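**Q** Predicted model and sequence follow; I will ask about them next.
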Amino acid sequence: MTGLGLTLLVALAAALALGALAHRLRLPTMLGYIAAGMVVGPFTPGFVADREELLALADIGVALLMFSIGLQFSIGELRAVGTRILAGTPVQVAVTMALGTGTGLALGWELLEALFIGGAVAVASTVVLVKVAGEGALHTTAHGRTALGVSIVQDLLTVVLVVALSAFGGREEVSIASLVLAAGIALGFVALVVIGGSRFLPRLLGLIAGLRSRELFVISVAVIAIGTAFAAEELGVSIALGAFVAGLALADSDLTASVLGEIVPLRELFSTFFFVSIGILLQPEAILAAWPIVLALLLIITLGKALPIAGVALLAGQRPSSALRAGALIGQSGEFSFVLASAGLALGAVTADTFSLAMGAVVLSILTAGPLLAAAERVGARLDAAVPRKPMPGEEPGAGLHRHALILGYGRVGRSVARVLESRGFAWVAVEGDYGVARDARSAGHPVIYGDAGAPSVLDQAGVAGAHAVVVAMPDALATRQAVVYARSRNARIEIVARAHSEAEEADLRRLGAARVVVAERELGNELIRHALRRFGVSDREVAAILESRRRA
């Protein structure tokens with residue numbers, strides 16, 4: 001077996017075994033993948049995988065992941081993040097980089113070495129962001145959209161940082177013109193792919209789809225995703241950003257669902273190599289020997305990024321819970337930290353020991369990303385209850401209502417419920433945690449309150465005590481639980497219908513007082529079963545009985 005084949009086999013086998021163990025222990029599977037990287041790395045006994053080969057595979061994984069995110073994103077969603085947050089991202093990068101650089105200088109590092117490491121800890125990993133938040137949360141929650149928007153701006157800033165610091169390291173003359181040129185190339189590439197690609201790529205894929213060959217369609221999707229990513233790299237733009245804008249160019253195409261369906265299996269396979277490649281970089285002995293330095297860098301990566309972003313989100317009008325969660329999602333590092341630190345290592349500006357310590361802090365930030373988000377959720381919920389909600393001009397849609405429907409969450413699901421209720425003449429009030437969405441809905445004349453749907457004061461303003469039914473349409477599990485508990489405590493006769501993502505979550509919500517809980521994937525399966533049974537002549541009464549027994553099982 002060739003070196004590449006053996007590396008591929010051993011890395012995947014280790015990732016499978018340790019990923020399964022992590023899953024069994026109810027830990028994120030990416031922790032198992034990182035541990036697999038340590039097992040096949042040069043700092044532990046036994047087989048040593050080829051790091052360069054794994055890094056190449058990891059780049060493909062990053063490209064496919066970012067391409068799939070771009071497919072599900074839109075310019076409108078980026079615009080909805082808000083100019084304050086997007087404009088505040090460079091401030092966060094500058095603050096965090098200053099903290100990292102200052103720490104390095106205090107430890108006796110050379111200025112250039114400290115700058116490289118400061119830049120490395122200042123940017124977050126979109127790959128880790130997706131794994132921690134969940135892909136759905138990036139598009140359906142305010143904190144998810146905020147974190148993704150911040151990450152995109154950080155990608156653009158990384159391009160400028162790599163150019164500037166590499167020029168310093170090579171003792172080249174650095175001018176404002178060279179930095180503007182680097183930023184211009186990045187922005188020009190984004191504009192070219194999004195504008196030109198949105199016209200050309202859907203037509204190309206349409207022609208290939210017309211050949212009715214699934215194999216050719218899969219190959220064409222992979223070529224577009226990976227080809228655009230590596231073309232971006234040749235222009236000095238990050239692979240991740242290149243792949244993201246390629247997906248963005250196809251986001252409004254009628255082929256989006258087909259493209260996403262074909263890319264997901266490839267994405268899951270290759271993204272595993274990203275975490276394995278991170279694990280290979282760990283030197284356990286060096287990290288343990290200099291643990292205070294690693295801990296200091298970890299605090300800069302987490303709190304040094306999370307707090308500035310949370311502050312900017314608060315200034316932009318987000319509730320404390322949403323702002324803290326957005327900050328927590330950014331409080332980690334990954335592929336771009338590796339890119340910046342590796343550039344310094346290649347130039348001789350960063351020593352091997354310093355590189356190892358920085359990568360140790362990066363890996364620890366990945367491990368702590370989940371607990372940091374959980375802590376942000378708990379603290380945010382308490383702050384929401386204590387901090388007065390920012391009112392909207394003339395807002396009192398819940399005043400005087402009785403026996404109305406209360407819709408919690410005015411996203412796609414909530415809007416659908418509202419339209420049907422309105423068409424039948426039933427009164428309703430909605431609560432939405434995204435200020436921009438709530439403001440636009442109010443401007444259109446809809447009775448939507450801005451606020452955290454899990455906060456008692458907001459539910460009281462929406463008239464929960466006199467409501468006839470509550471429809472919990474939020475994707476946020478924590479806010480859903482809080483809303484169900486408070487609604488039941490305020491109104492013992494109210495009918496509560498909630499959405500859930502799993503059967504365990506369904507059981508929990510029923511225990512807390514929800515009369516009906518809809519598990520989206522199960523209902524989708526039931527609908528498919530309904531059509532299949534009807535095709536075979538099963539009566540509607542029998543079909544209904546079968547589906548009801550499935551719901552009660």
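**A** Right, received. Where do you want to start? In this text, all values refer to a predicted model and were calculated from it rather than measured experimentally.
**Q** got any ranges where the stretch 301-450 of the chain has weak pLDDT?
**A** Low-confidence segments of the stretch 301-450 of the chain, defined by pLDDT under 70, span residues 387-402.
**Q** That one: helices as residue ranges?
**A** 320-330, 335-347, 352-386, 412-423, 435-443 (DSSP state H, counting those that start in this stretch).
**Q** For the longest one, what is the distance to the chain centroid?
**A** A distance of 15 Å separates the centroid of the chain from that of helix 352-386, by Cα atoms, centre = their mean, to the nearest Å.
**Q** That one to helix 335-347, inter-axis angle?
**A** In terms of direction (axes from the mean of the first three to the mean of the last three Cα atoms, to 10 degrees), helix 352-386 departs from helix 335-347 by 160 degrees.
**Q** same deal with the shortest one?
**A** Following the same axes, to 10 degrees, one obtains 140 degrees for the angle between helix 435-443 and helix 335-347.
**Q** sorry, back to before: most tightly surrounded among the helices of the stretch 301-450 of the chain?
**A** When the helices of the stretch 301-450 of the chain are scored by mean count of other Cβ atoms under 10 Å, the highest mean neighbour count falls to helix 320-330 (a mean of 30). Every residue, glycine included, has its C-beta placed from N, CA and C.
**Q** Give me the helices and strands touching that helix, please.
**A** Here helix 320-330 touches helix 126-133, helix 142-169, helix 291-315, helix 352-386, going by 3 or more Cβ pairs under 8 Å, 6 or more residues apart in numbering; DSSP states H and E.
**Q** by how many degrees do that helix and helix 142-169 diverge?
**A** For helix 320-330 against helix 142-169, the angle by the same axes, to 10 degrees is 40 degrees.
**Q** how far does helix 320-330 sit from the chain's center?
**A** 12 Å.
**Q** same question, stretch 508-518
**A** Offset of stretch 508-518 from its chain centre (Cα atoms, centre = their mean): 27 Å.
**Q** what sits up against that stretch?
**A** 472, 480-481, 484-485, 487-488, 495-500, 505-506 (Cβ atoms under 8 Å, 6 or more residues apart in numbering).
**Q** returning to what we had before: out of the helices of the stretch 301-450 of the chain, which is closest to Val294?
**A** Nearest to Val294 among these is helix 352-386; the distance by Cβ to Cβ comes to 4.8 Å.
**Q** Would you mind getting the angle between the closest one and helix 126-133?
**A** Counting by the same axes, to 10 degrees, helix 352-386 lies at 40 degrees to helix 126-133.
**Q** relative to helix 291-315, how tilted is helix 352-386?
**A** Using the same axes, to 10 degrees, the inter-axis angle of helix 352-386 relative to helix 291-315 is 40 degrees.
**Q** Can you list the helices and strands that the helix or strand that contains Leu187 packs against?
**A** Using DSSP states H and E, Leu187 sits within helix 176-191. If you count contacts as 3+ Cβ pairs under 8 Å, 6+ apart, helix 176-191 packs onto helix 142-169, helix 239-249.
**Q** The longest one to helix 176-191, inter-axis angle?
**A** Yep, that's helix 142-169 we're talking about. 140 degrees.
**Q** Need the pLDDT of the residue positioned nearest the centre of the chain.
**A** What sits nearest the mean C-alpha location of the chain, by Cα atoms, centre = their mean, is Val130, with 3.5 Å. The per-residue pLDDT reported for Val130 equals 77.
**Q** Distance check, it against Ser253.
**A** As judged by Cβ to Cβ, to the nearest Å, Val130 and Ser253 stand 22 Å apart.
**Q** now do Glu234
**A** 26 Å.
**Q** Check Leu201 too.
**A** Taken as Cβ to Cβ, the span from Leu201 to Ser253 is 8 Å.
**Q** Which one's more surrounded, those two?
**A** Leu201 (22 against 17; other Cβ atoms under 10 Å).
**Q** List the residues that contact that one.
**A** Taking Cβ under 8 Å, 6+ apart, we find Leu201 in contact with Ile224, Ala246, Ala249, Leu250, Ser253.
**Q** Mind doing that once more with 6 Å?
**A** Contact analysis of Leu201 by Cβ atoms under 6 Å, 6 or more residues apart in numbering lists Ala249, Leu250.
**Q** Dump the helices of the stretch 301-450 of the chain to CSV, plus distance to Lys305.
**A** Shown next, in CSV, are the helices of the stretch 301-450 of the chain (distance: least, Cβ to Cβ, whole Å):
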stretch, distance to Lys305
helix 320-330, 5
helix 335-347, 11
helix 352-386, 9
helix 412-423, 30
helix 435-443, 23
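**Q** among the ones you listed, which is nearest Leu528?
**A** helix 412-423 (19.4 Å).
**Q** Point out where the stretch 151-300 of the chain drops to low pLDDT.
**A** Along the stretch 151-300 of the chain, the parts satisfying pLDDT under 70 run over 159, 163, 166-179, 257.
**Q** switch the cut-off to 90
**A** 151-218, 221-222, 225, 229-289 (pLDDT under 90).
**Q** between the helix holding Leu187 and helix 239-249, how many degrees?
**A** 40 degrees.
**Q** Now do helix 176-191: distance to the chain's middle.
**A** 26 Å.
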